[in-house]
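Chemist: Fold the following.
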Amino acid sequence: MRRIPLISPQRMVMVGALVLLAIALPAAAFFRPAGPVPADTESDWQAGAIEYLSEIGFGVEYGSAAPVLHKWTQDVRIKVYGSPTEVDQQTIEQVVAELNSMVGEINLELVDDAANLDVYFSPEYQFSDIEPTYVPTNLGFFRVWFDGEGGIQQGRVLIASDGATQVERIHLIHEELAQSLGLFKDSWEHSDSIFYEGWTTTDRYSPLDEATIRLLYQPQLEPGMNRNQARSLYPPTY
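Modeler: Numbers count the residues shown, from 1 in each chain. Okay, the predicted model is just below:
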């Protein structure tokens, strides 16, 4: 089995006014129900998913892996380490439930042992001890290993328990878990996307994010497919 490390884009340490907001609000205030999806725009998001997948789902942000699809083909068993806050833990549970509604035949679950995706909440200065490839100043970081066909076998996610407000950690949990599923790259195209290249505190997956995750985990899209092979399965409609 060939094991190739990947790392997420840099997240610069940020401090500021959001700290006061995070302290002042109770845990329940961080969770807002998603609004209803307008029926007349749902098809537009689905049509845009193949374009967005083409941008963020092939190749890696760093490193030299081939520009092909990578995805889990086995259940994802997630174990949490470190010192998550109550809101962090609630957010992980929420995100796991949301992703399970998008990833088709595989299942994500929180476990106490036999994990294949480890999530660490730790001070940023300890990240290098947990993950030797860690790049300093990242508040969120992921690394995955995949086989020669692009099937993801194992992963590791780091979330800073210091240097990031609660609002920012909610964003990082959403982003790093989704990226560890195979959407390794960021984009400047959609500012409301959890995969937006710039620093944001987006706290939910946009309709386009959801459509793109669902598309990646369609069974006809297989690990190792290149961009042209994937696009040929979804020809444009006029």
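Chemist: From now on I want contacts and neighbour counts done on CA atoms only, so please keep to that.
Modeler: Will do.
Chemist: Pull the CA coordinates from stretch 72-91 and hand them back as PDB.
Modeler: Output in PDB follows, covering the C-alpha atoms of stretch 72-91 (Å, rounded to 0.1, in the frame of the first residue of the first chain):
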ATOM      1  CA  TRP A  72     -13.100   6.900   1.500                       C
ATOM      2  CA  THR A  73     -14.400   3.500   0.400                       C
ATOM      3  CA  GLN A  74     -14.800   2.200   4.000                       C
ATOM      4  CA  ASP A  75     -16.600   3.500   7.000                       C
ATOM      5  CA  VAL A  76     -14.900   6.400   8.700                       C
ATOM      6  CA  ARG A  77     -14.400   5.700  12.400                       C
ATOM      7  CA  ILE A  78     -13.600   9.000  14.300                       C
ATOM      8  CA  LYS A  79     -11.900   9.200  17.700                       C
ATOM      9  CA  VAL A  80     -11.600  12.500  19.500                       C
ATOM     10  CA  TYR A  81      -8.500  13.300  21.600                       C
ATOM     11  CA  GLY A  82      -7.400  16.200  23.700                       C
ATOM     12  CA  SER A  83      -9.600  18.900  25.300                       C
ATOM     13  CA  PRO A  84     -12.600  19.800  23.100                       C
ATOM     14  CA  THR A  85     -15.100  22.200  24.700                       C
ATOM     15  CA  GLU A  86     -18.700  21.200  25.100                       C
ATOM     16  CA  VAL A  87     -19.500  23.200  21.900                       C
ATOM     17  CA  ASP A  88     -16.600  21.500  20.000                       C
ATOM     18  CA  GLN A  89     -18.000  18.100  20.900                       C
ATOM     19  CA  GLN A  90     -21.500  19.100  19.900                       C
ATOM     20  CA  THR A  91     -20.200  20.500  16.700                       C
END
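Chemist: residues of it that come out buried?
Modeler: 72-73, 76-80, 84, 87-88, 90-91 (16 or more other C-alpha atoms under 10 Å).
Chemist: same question, stretch 128-139
Modeler: For stretch 128-139, by 16+ other C-alpha under 10 Å, it's 134-135, 137-139.
Chemist: how much distance is there from that stretch to the middle of the chain?
Modeler: Relative to the mean C-alpha coordinate of its chain, stretch 128-139 is positioned 17 Å out (C-alpha atoms, centre = their mean, to the nearest Å).
Chemist: got the end-to-end distance for that stretch?
Modeler: 12 Å (C-alpha to C-alpha, to the nearest Å).
Chemist: average model confidence for it?
Modeler: In this model, stretch 128-139 has a mean pLDDT of 92.
Chemist: Then stretch 203-220?
Modeler: For stretch 203-220, the mean pLDDT works out to 95.
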